[in-house]
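A.B. asks: could you work out the structure for the sequence below:
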Amino acid sequence: MIRRTKIVATLGPASADPKVLDKMMEAGLDVVRLNFSHGTAAEHQQRCDLVRALAKTRARAVGVLVDLQGPKIRIGKFRDDRIVLKPGDHFILDAACELGDQTRVGLDYKELVKDVARGATLLLDDGRIEMWVEDVQGSEVHCKVIQGGALSNNKGINRKGGGLSAAALTDKDIEDIKTAAVIRADYLAVSFPRSAADIRQAREILRAAGGKAWIVAKIERAEAIEALEEILDAADAIMVARGDLGVEVGDAAVPALQKRMTRMARERNKLVITATQMMESMITSPIPTRAEVSDVANAVLDGTDAVMLSAETAAGQFPTEAILAMHRVCLEAEKDMEPTFGNKLLDRGFLRTDEAIAMSAVFTALHLNIKAIAAMTQSGSTALWMSRMSTNVPIYALTPEVETRRKVTLFRGVYPVNFRPAKNDRDVLLSEAEDELRRRGAVRDGDLILLTIGEPIGKPGGTNTLKIVRVGERKKA
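C.D. replies: A predicted model of the protein is given here:
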(Lines give C-alpha, C1' and ligand atoms only; values in the text may rest on other atoms or scores of the structure.)
Protein backbone atom coordinates (compact mmCIF):
# COMPACT_ATOMS: atom_id res chain seq x y z
CA MET A 1 0.00 0.00 0.00
CA ILE A 2 1.34 3.43 -0.95
CA ARG A 3 0.44 6.56 0.99
CA ARG A 4 -2.10 8.82 -0.68
CA THR A 5 -1.98 11.79 1.71
CA LYS A 6 1.03 14.01 1.04
CA ILE A 7 3.49 15.33 3.64
CA VAL A 8 4.70 18.95 3.63
CA ALA A 9 7.73 19.72 5.81
CA THR A 10 9.17 23.12 6.69
CA LEU A 11 12.90 23.61 6.22
CA GLY A 12 15.04 25.37 8.81
CA PRO A 13 18.19 24.93 10.90
CA ALA A 14 17.24 21.36 11.88
CA SER A 15 16.96 20.30 8.23
CA ALA A 16 19.76 22.41 6.69
CA ASP A 17 22.27 19.55 6.52
CA PRO A 18 22.01 17.84 3.09
CA LYS A 19 22.29 14.43 4.77
CA VAL A 20 19.32 15.20 7.03
CA LEU A 21 17.27 16.54 4.13
CA ASP A 22 18.08 13.46 2.07
CA LYS A 23 16.89 11.22 4.93
CA MET A 24 13.70 13.28 5.14
CA MET A 25 13.08 12.58 1.45
CA GLU A 26 13.74 8.91 2.02
CA ALA A 27 11.28 8.96 4.93
CA GLY A 28 8.47 10.23 2.71
CA LEU A 29 8.73 14.01 2.26
CA ASP A 30 6.64 15.18 -0.72
CA VAL A 31 6.77 19.00 -0.57
CA VAL A 32 9.15 21.36 1.25
CA ARG A 33 7.94 24.63 2.76
CA LEU A 34 10.24 27.63 2.67
CA ASN A 35 9.10 29.99 5.43
CA PHE A 36 9.86 33.52 4.24
CA SER A 37 9.29 34.89 7.75
CA HIS A 38 12.91 33.87 8.32
CA GLY A 39 16.07 34.00 6.23
CA THR A 40 17.20 35.90 3.15
CA ALA A 41 16.33 35.48 -0.51
CA ALA A 42 19.81 34.02 -1.14
CA GLU A 43 19.35 31.45 1.65
CA HIS A 44 15.99 30.37 0.25
CA GLN A 45 17.51 30.08 -3.23
CA GLN A 46 20.25 27.82 -1.84
CA ARG A 47 17.72 25.63 -0.03
CA CYS A 48 15.59 25.32 -3.14
CA ASP A 49 18.62 24.38 -5.24
CA LEU A 50 19.62 21.76 -2.65
CA VAL A 51 16.12 20.25 -2.57
CA ARG A 52 16.04 19.90 -6.33
CA ALA A 53 19.55 18.51 -6.54
CA LEU A 54 18.79 15.84 -3.92
CA ALA A 55 15.47 15.01 -5.56
CA LYS A 56 17.24 14.58 -8.89
CA THR A 57 19.68 12.09 -7.42
CA ARG A 58 16.68 10.12 -6.17
CA ALA A 59 14.98 10.37 -9.58
CA ARG A 60 11.84 11.80 -8.03
CA ALA A 61 9.89 15.05 -7.87
CA VAL A 62 9.69 17.15 -4.70
CA GLY A 63 7.50 20.25 -4.66
CA VAL A 64 8.54 23.64 -3.27
CA LEU A 65 6.05 25.84 -1.40
CA VAL A 66 7.01 29.43 -0.61
CA ASP A 67 5.13 30.75 2.43
CA LEU A 68 4.93 34.56 2.62
CA GLN A 69 5.31 36.26 5.99
CA GLY A 70 2.30 38.53 5.65
CA PRO A 71 1.61 41.55 7.86
CA LYS A 72 3.47 41.65 11.19
CA ILE A 73 0.87 42.57 13.78
CA ARG A 74 3.09 42.50 16.84
CA ILE A 75 4.03 44.39 19.96
CA GLY A 76 7.49 45.97 20.23
CA LYS A 77 10.29 45.22 22.67
CA PHE A 78 10.58 45.61 26.43
CA ARG A 79 13.47 47.30 28.21
CA ASP A 80 14.02 44.11 30.22
CA ASP A 81 12.83 41.74 27.44
CA ARG A 82 9.92 40.37 29.47
CA ILE A 83 7.18 41.34 31.93
CA VAL A 84 4.47 39.46 33.84
CA LEU A 85 0.86 40.69 33.74
CA LYS A 86 -1.88 39.81 36.22
CA PRO A 87 -5.65 39.85 35.70
CA GLY A 88 -6.97 43.32 36.46
CA ASP A 89 -3.75 45.11 35.51
CA HIS A 90 -4.07 48.18 33.29
CA PHE A 91 -1.76 48.10 30.26
CA ILE A 92 -1.20 50.40 27.29
CA LEU A 93 -0.35 49.42 23.72
CA ASP A 94 1.39 52.57 22.55
CA ALA A 95 2.30 53.17 18.91
CA ALA A 96 4.72 55.93 20.01
CA CYS A 97 6.58 53.86 22.63
CA GLU A 98 10.13 52.73 21.83
CA LEU A 99 10.97 50.42 24.74
CA GLY A 100 8.24 48.93 26.88
CA ASP A 101 7.95 48.49 30.64
CA GLN A 102 5.44 47.10 33.12
CA THR A 103 2.81 49.64 32.06
CA ARG A 104 3.09 49.86 28.27
CA VAL A 105 4.74 48.54 25.11
CA GLY A 106 5.21 49.72 21.54
CA LEU A 107 3.54 48.46 18.36
CA ASP A 108 4.96 47.35 15.02
CA TYR A 109 1.44 47.76 13.64
CA LYS A 110 0.76 51.48 14.10
CA GLU A 111 -2.74 51.29 12.64
CA LEU A 112 -4.07 49.32 15.63
CA VAL A 113 -5.40 52.55 17.14
CA LYS A 114 -7.71 52.96 14.12
CA ASP A 115 -8.92 49.33 14.16
CA VAL A 116 -10.13 49.03 17.75
CA ALA A 117 -12.47 50.83 20.11
CA ARG A 118 -13.82 50.36 23.62
CA GLY A 119 -15.18 46.83 24.04
CA ALA A 120 -12.78 45.06 21.65
CA THR A 121 -10.87 42.02 22.90
CA LEU A 122 -7.20 41.70 21.98
CA LEU A 123 -5.32 38.41 22.19
CA LEU A 124 -1.52 38.45 22.49
CA ASP A 125 1.02 35.64 22.14
CA ASP A 126 -1.33 33.18 20.39
CA GLY A 127 -4.11 33.92 22.84
CA ARG A 128 -2.13 33.35 26.02
CA ILE A 129 -2.73 36.96 27.10
CA GLU A 130 -6.21 38.47 26.83
CA MET A 131 -6.95 42.18 27.13
CA TRP A 132 -10.17 44.21 27.00
CA VAL A 133 -9.96 47.63 25.35
CA GLU A 134 -11.14 50.37 27.70
CA ASP A 135 -10.31 53.40 25.59
CA VAL A 136 -8.26 54.70 22.64
CA GLN A 137 -6.41 57.99 23.15
CA GLY A 138 -4.20 59.27 20.32
CA SER A 139 -1.43 56.71 19.84
CA GLU A 140 -2.49 54.69 22.90
CA VAL A 141 -4.81 51.72 23.28
CA HIS A 142 -5.71 51.49 26.98
CA CYS A 143 -6.49 47.94 28.06
CA LYS A 144 -7.48 45.92 31.10
CA VAL A 145 -5.83 42.51 31.45
CA ILE A 146 -8.39 39.69 31.57
CA GLN A 147 -6.00 36.75 31.33
CA GLY A 148 -2.43 37.38 32.44
CA GLY A 149 0.93 35.72 32.13
CA ALA A 150 4.45 36.35 30.88
CA LEU A 151 4.74 38.67 27.87
CA SER A 152 8.01 39.06 25.98
CA ASN A 153 9.34 40.91 22.95
CA ASN A 154 7.62 40.95 19.53
CA LYS A 155 4.65 38.72 20.37
CA GLY A 156 1.74 38.69 17.94
CA ILE A 157 -1.59 40.48 18.34
CA ASN A 158 -4.99 39.21 17.19
CA ARG A 159 -8.39 40.76 17.60
CA LYS A 160 -11.04 38.31 18.75
CA GLY A 161 -13.57 37.98 15.94
CA GLY A 162 -11.21 39.60 13.43
CA GLY A 163 -11.34 43.16 12.18
CA LEU A 164 -7.70 44.26 11.88
CA SER A 165 -7.27 46.09 8.59
CA ALA A 166 -3.65 45.22 7.80
CA ALA A 167 -3.16 44.49 4.10
CA ALA A 168 -2.39 40.86 3.29
CA LEU A 169 0.61 41.77 1.10
CA THR A 170 3.32 43.96 2.56
CA ASP A 171 6.23 45.53 0.65
CA LYS A 172 8.38 42.64 1.86
CA ASP A 173 5.83 40.12 0.53
CA ILE A 174 5.84 41.77 -2.89
CA GLU A 175 9.63 41.40 -3.09
CA ASP A 176 9.38 37.83 -1.81
CA ILE A 177 6.85 36.98 -4.53
CA LYS A 178 9.46 38.05 -7.07
CA THR A 179 11.98 35.78 -5.34
CA ALA A 180 9.47 32.92 -5.55
CA ALA A 181 9.29 33.50 -9.30
CA VAL A 182 13.08 33.46 -9.61
CA ILE A 183 13.44 30.13 -7.78
CA ARG A 184 10.49 28.69 -9.76
CA ALA A 185 8.44 27.80 -6.70
CA ASP A 186 5.61 25.37 -7.34
CA TYR A 187 3.25 26.88 -4.75
CA LEU A 188 2.96 30.33 -3.19
CA ALA A 189 1.12 30.64 0.13
CA VAL A 190 -0.48 34.02 0.89
CA SER A 191 -0.72 34.75 4.62
CA PHE A 192 -3.75 36.45 6.21
CA PRO A 193 -5.86 37.06 3.06
CA ARG A 194 -9.20 38.71 3.78
CA SER A 195 -10.79 38.40 0.35
CA ALA A 196 -10.40 37.12 -3.19
CA ALA A 197 -8.81 40.46 -4.11
CA ASP A 198 -5.75 39.60 -1.99
CA ILE A 199 -5.32 36.33 -3.89
CA ARG A 200 -5.75 37.98 -7.28
CA GLN A 201 -3.19 40.65 -6.39
CA ALA A 202 -0.62 38.02 -5.40
CA ARG A 203 -1.24 36.12 -8.64
CA GLU A 204 -0.85 39.25 -10.76
CA ILE A 205 2.46 40.15 -9.11
CA LEU A 206 3.71 36.59 -9.47
CA ARG A 207 2.75 36.28 -13.14
CA ALA A 208 4.28 39.68 -13.93
CA ALA A 209 7.54 38.40 -12.44
CA GLY A 210 7.37 35.27 -14.60
CA GLY A 211 6.29 32.86 -11.86
CA LYS A 212 3.97 29.94 -12.55
CA ALA A 213 3.29 28.78 -8.98
CA TRP A 214 -0.20 27.87 -7.85
CA ILE A 215 -1.62 30.14 -5.16
CA VAL A 216 -2.43 28.79 -1.69
CA ALA A 217 -4.71 30.92 0.49
CA LYS A 218 -3.90 30.52 4.18
CA ILE A 219 -7.18 30.69 6.07
CA GLU A 220 -6.23 32.30 9.37
CA ARG A 221 -8.46 35.38 9.70
CA ALA A 222 -12.09 35.49 10.82
CA GLU A 223 -12.82 37.59 7.72
CA ALA A 224 -11.47 34.79 5.51
CA ILE A 225 -14.13 32.41 6.85
CA GLU A 226 -16.85 34.87 5.83
CA ALA A 227 -15.31 35.18 2.35
CA LEU A 228 -14.36 31.51 2.02
CA GLU A 229 -16.27 30.80 -1.19
CA GLU A 230 -14.81 33.73 -3.10
CA ILE A 231 -11.30 32.96 -1.78
CA LEU A 232 -11.65 29.33 -2.89
CA ASP A 233 -12.74 30.44 -6.34
CA ALA A 234 -9.72 32.76 -6.65
CA ALA A 235 -7.08 30.39 -5.22
CA ASP A 236 -5.76 27.03 -6.38
CA ALA A 237 -5.51 25.65 -2.84
CA ILE A 238 -6.15 26.58 0.78
CA MET A 239 -4.18 25.96 3.94
CA VAL A 240 -6.15 25.40 7.12
CA ALA A 241 -3.80 27.48 9.29
CA ARG A 242 -5.23 26.57 12.67
CA GLY A 243 -2.97 28.70 14.87
CA ASP A 244 -4.02 32.28 14.16
CA LEU A 245 -7.46 31.11 13.05
CA GLY A 246 -8.04 29.48 16.44
CA VAL A 247 -7.05 32.67 18.21
CA GLU A 248 -9.46 34.80 16.16
CA VAL A 249 -12.52 32.53 16.11
CA GLY A 250 -11.90 30.51 19.29
CA ASP A 251 -10.23 27.12 19.55
CA ALA A 252 -13.52 25.22 19.91
CA ALA A 253 -14.70 26.43 16.50
CA VAL A 254 -11.65 25.18 14.59
CA PRO A 255 -12.40 21.42 14.21
CA ALA A 256 -15.77 21.98 12.54
CA LEU A 257 -14.33 24.75 10.37
CA GLN A 258 -11.49 22.44 9.34
CA LYS A 259 -13.96 19.80 8.16
CA ARG A 260 -16.06 22.38 6.35
CA MET A 261 -13.07 23.90 4.57
CA THR A 262 -11.76 20.51 3.50
CA ARG A 263 -15.15 19.53 2.09
CA MET A 264 -15.66 22.83 0.28
CA ALA A 265 -12.19 22.74 -1.26
CA ARG A 266 -12.60 19.24 -2.64
CA GLU A 267 -16.05 20.01 -4.03
CA ARG A 268 -14.52 22.92 -5.95
CA ASN A 269 -11.58 20.91 -7.29
CA LYS A 270 -9.15 22.77 -5.06
CA LEU A 271 -6.29 21.41 -2.93
CA VAL A 272 -6.24 21.59 0.87
CA ILE A 273 -3.33 21.47 3.33
CA THR A 274 -3.96 20.95 7.04
CA ALA A 275 -1.36 22.72 9.21
CA THR A 276 -0.26 23.88 12.67
CA GLN A 277 0.85 21.84 15.69
CA MET A 278 0.12 18.50 14.03
CA MET A 279 3.00 16.76 15.81
CA GLU A 280 4.40 19.61 17.88
CA SER A 281 5.58 17.39 20.75
CA MET A 282 8.07 15.85 18.30
CA ILE A 283 10.11 19.06 18.44
CA THR A 284 11.65 17.49 21.54
CA SER A 285 10.30 13.92 21.54
CA PRO A 286 11.03 11.04 19.12
CA ILE A 287 7.39 9.88 19.28
CA PRO A 288 4.11 11.82 18.93
CA THR A 289 1.35 12.00 21.53
CA ARG A 290 -1.81 9.95 21.03
CA ALA A 291 -3.76 13.18 20.59
CA GLU A 292 -1.44 14.24 17.75
CA VAL A 293 -1.84 10.86 16.08
CA SER A 294 -5.62 11.27 16.23
CA ASP A 295 -5.37 14.81 14.88
CA VAL A 296 -3.39 13.72 11.82
CA ALA A 297 -5.62 10.68 11.27
CA ASN A 298 -8.80 12.78 11.40
CA ALA A 299 -7.41 15.20 8.82
CA VAL A 300 -6.67 12.23 6.56
CA LEU A 301 -10.16 10.80 7.07
CA ASP A 302 -11.66 14.19 6.23
CA GLY A 303 -9.90 14.05 2.86
CA THR A 304 -7.08 16.58 3.18
CA ASP A 305 -4.53 16.50 0.36
CA ALA A 306 -1.61 17.09 2.68
CA VAL A 307 -0.62 17.37 6.32
CA MET A 308 2.11 19.81 7.27
CA LEU A 309 5.00 19.88 9.71
CA SER A 310 6.32 23.25 10.86
CA ALA A 311 8.77 23.62 13.76
CA GLU A 312 8.95 19.82 13.99
CA THR A 313 11.22 19.72 10.92
CA ALA A 314 12.46 23.33 10.88
CA ALA A 315 13.85 23.50 14.41
CA GLY A 316 13.05 20.20 16.09
CA GLN A 317 15.41 17.50 17.32
CA PHE A 318 13.76 14.72 15.29
CA PRO A 319 12.87 15.97 11.78
CA THR A 320 13.17 12.58 10.05
CA GLU A 321 11.30 10.77 12.84
CA ALA A 322 8.46 13.29 12.57
CA ILE A 323 8.03 12.50 8.88
CA LEU A 324 8.17 8.76 9.53
CA ALA A 325 5.55 9.09 12.27
CA MET A 326 3.27 11.10 10.04
CA HIS A 327 3.75 8.57 7.24
CA ARG A 328 2.70 5.69 9.52
CA VAL A 329 -0.38 7.51 10.77
CA CYS A 330 -1.51 8.45 7.27
CA LEU A 331 -1.15 4.88 6.04
CA GLU A 332 -3.16 3.46 8.93
CA ALA A 333 -5.92 6.02 8.55
CA GLU A 334 -6.16 5.39 4.82
CA LYS A 335 -6.73 1.67 5.41
CA ASP A 336 -10.14 2.48 6.90
CA MET A 337 -11.28 4.83 4.14
CA GLU A 338 -13.98 3.43 1.91
CA PRO A 339 -13.91 4.53 -1.75
CA THR A 340 -16.88 6.79 -2.50
CA PHE A 341 -18.33 8.68 -5.42
CA GLY A 342 -20.52 11.38 -3.89
CA ASN A 343 -24.06 12.10 -5.03
CA LYS A 344 -23.07 15.70 -5.73
CA LEU A 345 -20.68 14.45 -8.37
CA LEU A 346 -23.24 12.10 -9.87
CA ASP A 347 -25.67 14.99 -10.23
CA ARG A 348 -23.27 17.57 -11.65
CA GLY A 349 -22.83 18.61 -15.25
CA PHE A 350 -19.50 19.14 -16.98
CA LEU A 351 -18.41 22.08 -19.08
CA ARG A 352 -15.13 20.50 -20.20
CA THR A 353 -14.44 17.20 -21.92
CA ASP A 354 -11.28 16.53 -19.93
CA GLU A 355 -13.14 16.95 -16.61
CA ALA A 356 -15.84 14.52 -17.80
CA ILE A 357 -13.16 11.99 -18.78
CA ALA A 358 -11.50 12.32 -15.37
CA MET A 359 -14.76 11.71 -13.50
CA SER A 360 -15.63 8.80 -15.80
CA ALA A 361 -12.24 7.24 -15.16
CA VAL A 362 -12.66 7.33 -11.37
CA PHE A 363 -16.26 6.08 -11.55
CA THR A 364 -15.11 3.17 -13.73
CA ALA A 365 -12.17 2.41 -11.43
CA LEU A 366 -14.52 2.20 -8.44
CA HIS A 367 -16.88 -0.21 -10.18
CA LEU A 368 -14.37 -2.37 -12.02
CA ASN A 369 -11.33 -4.07 -10.54
CA ILE A 370 -8.88 -1.47 -11.84
CA LYS A 371 -5.39 -1.70 -10.30
CA ALA A 372 -4.03 1.64 -11.50
CA ILE A 373 -4.97 4.75 -13.46
CA ALA A 374 -2.43 6.23 -15.85
CA ALA A 375 -3.25 9.84 -16.74
CA MET A 376 -1.08 11.16 -19.55
CA THR A 377 -1.13 14.88 -18.87
CA GLN A 378 0.59 18.13 -19.76
CA SER A 379 -0.93 20.51 -17.18
CA GLY A 380 -1.95 18.05 -14.46
CA SER A 381 -5.63 19.07 -14.59
CA THR A 382 -6.92 15.57 -15.34
CA ALA A 383 -4.99 14.13 -12.42
CA LEU A 384 -6.27 16.91 -10.14
CA TRP A 385 -9.90 16.19 -10.97
CA MET A 386 -9.36 12.47 -10.44
CA SER A 387 -7.78 13.12 -7.06
CA ARG A 388 -10.93 14.91 -5.78
CA MET A 389 -12.66 11.52 -5.47
CA SER A 390 -12.11 9.09 -2.62
CA THR A 391 -10.56 6.12 -4.35
CA ASN A 392 -8.02 3.49 -3.35
CA VAL A 393 -6.82 3.20 -6.94
CA PRO A 394 -3.43 4.91 -7.39
CA ILE A 395 -3.34 7.63 -10.04
CA TYR A 396 -0.08 8.02 -11.95
CA ALA A 397 0.43 11.39 -13.65
CA LEU A 398 2.61 10.58 -16.65
CA THR A 399 4.09 13.79 -18.02
CA PRO A 400 7.27 15.11 -19.63
CA GLU A 401 6.75 18.48 -17.89
CA VAL A 402 8.97 18.89 -14.83
CA GLU A 403 6.80 21.69 -13.43
CA THR A 404 3.71 19.50 -13.66
CA ARG A 405 5.48 16.64 -11.89
CA ARG A 406 6.40 18.98 -9.03
CA LYS A 407 2.86 20.34 -8.77
CA VAL A 408 1.18 16.94 -8.50
CA THR A 409 3.35 16.09 -5.49
CA LEU A 410 0.62 17.86 -3.49
CA PHE A 411 -2.34 16.03 -5.10
CA ARG A 412 -3.81 13.35 -2.86
CA GLY A 413 -3.41 9.88 -4.34
CA VAL A 414 -1.46 11.11 -7.39
CA TYR A 415 2.13 10.06 -8.14
CA PRO A 416 4.31 11.91 -10.68
CA VAL A 417 6.07 9.92 -13.38
CA ASN A 418 8.68 11.31 -15.78
CA PHE A 419 7.23 10.05 -19.05
CA ARG A 420 8.91 10.93 -22.31
CA PRO A 421 7.58 8.65 -25.05
CA ALA A 422 9.55 7.97 -28.19
CA LYS A 423 6.71 8.99 -30.55
CA ASN A 424 3.58 11.14 -30.44
CA ASP A 425 1.49 8.21 -31.59
CA ARG A 426 -1.52 7.24 -29.45
CA ASP A 427 -1.04 3.48 -29.60
CA VAL A 428 2.68 3.80 -28.89
CA LEU A 429 1.96 6.12 -25.95
CA LEU A 430 -0.57 3.75 -24.42
CA SER A 431 1.78 0.80 -24.86
CA GLU A 432 4.70 2.66 -23.27
CA ALA A 433 2.48 3.82 -20.40
CA GLU A 434 1.54 0.20 -19.69
CA ASP A 435 5.21 -0.78 -19.75
CA GLU A 436 6.09 2.07 -17.37
CA LEU A 437 3.54 0.94 -14.78
CA ARG A 438 4.77 -2.63 -15.07
CA ARG A 439 8.39 -1.50 -14.68
CA ARG A 440 7.47 0.34 -11.48
CA GLY A 441 5.85 -2.74 -10.04
CA ALA A 442 2.46 -0.99 -9.94
CA VAL A 443 0.79 -3.70 -12.03
CA ARG A 444 1.47 -7.17 -13.37
CA ASP A 445 0.17 -9.40 -16.15
CA GLY A 446 -3.58 -9.90 -15.97
CA ASP A 447 -4.31 -6.66 -14.08
CA LEU A 448 -6.76 -4.14 -15.49
CA ILE A 449 -5.46 -0.62 -15.89
CA LEU A 450 -7.22 2.51 -17.05
CA LEU A 451 -5.46 5.02 -19.28
CA THR A 452 -6.49 8.54 -20.27
CA ILE A 453 -4.96 10.58 -23.06
CA GLY A 454 -5.73 13.61 -25.20
CA GLU A 455 -5.71 14.04 -28.94
CA PRO A 456 -4.08 15.87 -30.56
CA ILE A 457 -1.13 14.60 -28.52
CA GLY A 458 0.61 17.17 -26.31
CA LYS A 459 -2.20 19.74 -26.16
CA PRO A 460 -2.80 20.97 -22.56
CA GLY A 461 -6.38 20.44 -21.35
CA GLY A 462 -7.11 18.11 -24.24
CA THR A 463 -7.79 14.78 -22.46
CA ASN A 464 -10.63 13.19 -24.44
CA THR A 465 -9.94 9.44 -24.47
CA LEU A 466 -10.33 6.71 -21.87
CA LYS A 467 -9.13 3.18 -22.47
CA ILE A 468 -9.21 0.03 -20.31
CA VAL A 469 -6.38 -2.41 -20.89
CA ARG A 470 -5.53 -5.83 -19.45
CA VAL A 471 -1.80 -5.88 -18.78
CA GLY A 472 0.11 -8.29 -21.00
CA GLU A 473 -2.61 -8.90 -23.59
CA ARG A 474 -0.95 -6.71 -26.18
CA LYS A 475 2.25 -8.78 -26.07
CA LYS A 476 0.31 -12.04 -26.34
CA ALA A 477 -1.40 -10.74 -29.45
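A.B. asks: model confidence for the residue nearest to residue 181 when sequence neighbours are not counted, exactly?
C.D. replies: Take residue 181 and drop its neighbours on the chain: the residue closest to it by CB to CB, 6 or more residues apart in numbering is residue 211, 3.1 Å away. C-beta here means a position set from N, CA and C on the backbone, and glycine is covered the same way. Note on residue 211: pLDDT of 97.
A.B. asks: repeat that for residue 461.
C.D. replies: Model confidence at residue 461, expressed as pLDDT, equals 63.
A.B. asks: same check, this time on residue 193
C.D. replies: 96.
A.B. asks: identify the residues contacting it.
C.D. replies: Contacts were defined as CB atoms under 8 Å, 6 or more residues apart in numbering; by that measure residue 193 touches 168, 199, 217, 218, 221, 224, 231.
A.B. asks: any idea how far the third one lies from residue 8?
C.D. replies: Per CB to CB, to the nearest Å, residue 217 is found 15 Å from residue 8.
A.B. asks: for the fourth one, same thing?
C.D. replies: Taking CB to CB as the measure, residue 218 and residue 8 are separated by 13 Å.
A.B. asks: and for the last one?
C.D. replies: According to CB to CB, residue 231 stands 20 Å off from residue 8.
A.B. asks: same question for residue 471.
C.D. replies: With the distance defined as CB to CB, residue 471 ends up 33 Å from residue 8.
A.B. asks: same question for residue 103.
C.D. replies: Distance from residue 103 to residue 8, by CB to CB: 43 Å.
A.B. asks: these two - which one has more neighbours?
C.D. replies: Relative neighbour count places residue 8 above the other of residue 103 and residue 8, with 27 against 12, counting by other CB atoms under 10 Å.
A.B. asks: which of the three states applies to the more buried one?
C.D. replies: Following DSSP: H, G, I helix; E, B strand; the rest coil, residue 8 is assigned to strand.
A.B. asks: what bridges to the residue nearest the centre of the chain?
C.D. replies: Per CA atoms, centre = their mean, the C-alpha nearest to the average position across the chain is that of residue 273, at 3.6 Å. Counting by DSSP bridges, residue 273 forms beta bridges with residue 239, residue 306.
A.B. asks: that one and residue 236 touch, don't they?
C.D. replies: No: judged on CB atoms under 8 Å, residue 273 makes no contact with residue 236 at a distance of 11.4 Å.
A.B. asks: for residue 285, which non-adjacent residue is spatially closest?
C.D. replies: In space, not counting the residues next to it along the chain, residue 285 is nearest to residue 318; the distance is 7.2 Å by CB to CB, 6+ apart.
A.B. asks: contacts only, for that neighbour.
C.D. replies: Contact partners of residue 318, counting by CB under 8 Å, 6+ apart, are 282, 283, 285, 286, 312.
A.B. asks: which residues touch residue 124?
C.D. replies: Under the criterion of CB under 8 Å, 6+ apart, the contact partners of residue 124 comprise 75, 130, 131, 151, 155, 156, 157, 158.
A.B. asks: now the residue nearest to residue 181: how far from residue 184?
C.D. replies: Using CB to CB, one gets 7 Å for the distance from residue 211 to residue 184.
A.B. asks: neighbour-wise, which of these two wins?
C.D. replies: Between residue 211 and residue 184, counted using other CB under 10 Å, residue 211 has the larger neighbour count: 23 against 16.
A.B. asks: does that one touch residue 176 like I think?
C.D. replies: No: in this structure, residue 211 sits apart from residue 176 without contact. The criterion is CB under 8 Å, and the distance is 11.1 Å.
A.B. asks: the strands in the stretch 151-300 of the chain, which residues?
C.D. replies: Defined through DSSP state E, counting those that start in this stretch, the strands belonging to the stretch 151-300 of the chain, from first to last, are 157-159, 187-190, 214-219, 237-241, 271-275.
A.B. asks: thinking again about what came up before, most neighbours among the contacts of residue 193, which one?
C.D. replies: Top of these by neighbour count (other CB under 10 Å): residue 217, with 30 neighbours.
A.B. asks: now that residue: closest residue in space, sequence neighbours ignored.
C.D. replies: Leaving out its chain neighbours, the residue that sits closest to residue 217 by CB to CB, 6+ apart is residue 235, at 4.0 Å.
A.B. asks: got the confidence number for the one you found?
C.D. replies: Among the per-residue scores, residue 235 holds a pLDDT of 98.
A.B. asks: got a list of what it touches?
C.D. replies: If a contact means CB under 8 Å, 6+ apart, then residue 235 has 190, 199, 215, 216, 217, 270 as its contacts.
A.B. asks: save those as JSON lines, and put in pLDDT too.
C.D. replies: JSON lines is the format used below for those (pLDDT from 0 to 100):
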{"residue": "190", "pLDDT": "98"}
{"residue": "199", "pLDDT": "98"}
{"residue": "215", "pLDDT": "98"}
{"residue": "216", "pLDDT": "98"}
{"residue": "217", "pLDDT": "98"}
{"residue": "270", "pLDDT": "96"}
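A.B. asks: among these, which pair sits farthest apart?
C.D. replies: Farthest apart among the contacts of residue 235 by CB to CB are 190 and 270. That separation is 14.0 Å.
A.B. asks: counting neighbours, go ahead and name the busier of the two.
C.D. replies: The neighbour comparison of residue 190 against residue 270 (other CB under 10 Å) goes to residue 190, with 25 against 22.
A.B. asks: mind listing what the more buried one touches?
C.D. replies: Remark: with contacts taken as CB under 8 Å, 6+ apart, residue 190 is in contact with 68, 70, 168-169, 173, 198-199, 202, 215-218, 235.
A.B. asks: the residues you listed: which two are farthest apart?
C.D. replies: Applying CB to CB across the contacts of residue 190, the maximum distance is between 173 and 235, 15.6 Å.
A.B. asks: quick one: the helices in the stretch 351-477 of the chain, in order.
C.D. replies: For the stretch 351-477 of the chain, the helices defined by DSSP state H, counting those that start in this stretch occupy 353-367, 381-387, 402-407, 426-439, 473-476.
A.B. asks: quick one: contacts for residue 179?
C.D. replies: Taking CB under 8 Å, 6+ apart as the criterion, residue 179 is in contact with 36, 41, 44, 45, 66.
A.B. asks: top of the residues you listed by neighbour count?
C.D. replies: Counting neighbours by other CB under 10 Å, the one among those with the most is residue 66, which has 26 neighbours.
A.B. asks: do I have it right that it meets residue 44?
C.D. replies: Yes: at 7.5 Å, residue 66 counts as touching residue 44 under the criterion of CB under 8 Å.
A.B. asks: any common contacting residues for the two?
C.D. replies: Among the neighbours of residue 66, those also in contact with residue 44 (CB under 8 Å, 6+ apart) are 34, 36, 179, 183.
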